[in-house]
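Participant: sequence and computational prediction follow.
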Amino acid sequence: MPEEQLEPPEPDDPTREGDDAPAAASAAPLLWRRLACGLVGLQAVLLALGALISLLNLLTGGDWQSNALVGGLFLLTALGLLLIARELLRGHARVRTPGVFFQALLLLLVPSMWSAGNPLLAAGVGVLAGTAVVSIVLATRRA
């Protein structure tokens, strides 16, 4: 049985300036991708908890129409955000628009939260959404 011939490895590119340059260049986008994935994933988990609370309210005798509607919307949004988070971790730029759009929708809720007497919650949502926008844009940019 003949042995397979292995081709010799390609010589290193002479234009590279050492082994540290590619590692440093790829570390920054990986950091932004992980941060964006974590923030969007956190939002998905919080929405899934909201869907669970709506389900519990539904089971304990609450208004079934509003609880079912809110729980279903929260669950669908959480699933969409999980898909966005997965693609952000993979580095796909195609999820930039839906990711930033959802963060813009969250930022639109901040003034109503503030005027409803929840300034701490409004500030937290604003910081979370703002940080997520920056990380999504930096995670999906092309060098």
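Facilitator: On my side now, so go ahead.
Participant: list the contacts for the residue nearest to the spatial centre of the chain?
Facilitator: Nearest to the geometric centre of the chain sits residue 40, at 2.7 Å (C-alpha atoms, centre = their mean). Neighbouring residues of residue 40 by C-beta atoms under 8 Å, 6 or more residues apart in numbering: 81, 84-85, 88, 99, 132, 136. Backbone N, C-alpha and C define where each C-beta goes, glycine included.
Participant: just these now: which is nearest residue 58?
Facilitator: For those, the closest approach to residue 58 (C-beta to C-beta) belongs to residue 81, at 22.1 Å.
Participant: quick one: neighbours of that closest one, just the number.
Facilitator: Residue 81 has 23 neighbouring residues, counting by other C-beta atoms under 10 Å.
Participant: which helices and strands does the helix or strand residue 133 falls within pack with?
Facilitator: Here residue 133, judged by DSSP states H and E, is contained in helix 119-140. Contacts defined by 3 or more C-beta pairs under 8 Å, 6 or more residues apart in numbering; DSSP states H and E place helix 119-140 against helix 20-59, helix 64-90, helix 96-115.
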